[in-house]
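In: Whatever this is, show me its structure:
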Amino acid sequence: MAGKSGLMKSIPPRLRPQSTDITAAMTWGIAATAGAIWLIQPFDWLKKQFSKDPES
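Out: Take a look at the predicted model:
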C-alpha cells in the first residue's frame, strides 16, 4: 500500500477525499441500487434462480 500513500500525499490536502465524501458516495450508491431494483423488479427471476425445484 506504499503506492497509495504516495498518491494521497501528491494530492493537495483540500482536494483529498474526506470521510463525508466517501459516506455520501456510499449513500448515493445504495440509493441508485435500490432505485434500479425497484425499476426492474427482478423478483420472479430471482425466485427461479434460487428455487430448489429443477424445471425441465
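In: could you point out the longest helix in this protein?
Out: Secondary structure assigned by DSSP state H gives helix 19-40 as the longest helix of the chain.
In: Tell me how far it lies from the chain's centre.
Out: 7 Å (CA atoms, centre = their mean, to the nearest Å).
In: any idea which helix or strand comes after it?
Out: helix 43-50 (DSSP states H and E).
In: Using PDB, write down the CA coordinates of that next one.
Out: Output of helix 43-50 as PDB, limited to C-alpha atoms (Å, rounded to 0.1, in the frame of the first residue of the first chain):
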ATOM      1  CA  PHE A  43     -38.200 -10.900  -8.100                       C
ATOM      2  CA  ASP A  44     -39.600 -13.600 -10.300                       C
ATOM      3  CA  TRP A  45     -36.300 -14.200 -11.900                       C
ATOM      4  CA  LEU A  46     -34.600 -14.300  -8.500                       C
ATOM      5  CA  LYS A  47     -37.100 -16.800  -7.300                       C
ATOM      6  CA  LYS A  48     -36.500 -19.000 -10.400                       C
ATOM      7  CA  GLN A  49     -32.700 -18.800  -9.800                       C
ATOM      8  CA  PHE A  50     -32.700 -19.700  -6.200                       C
END
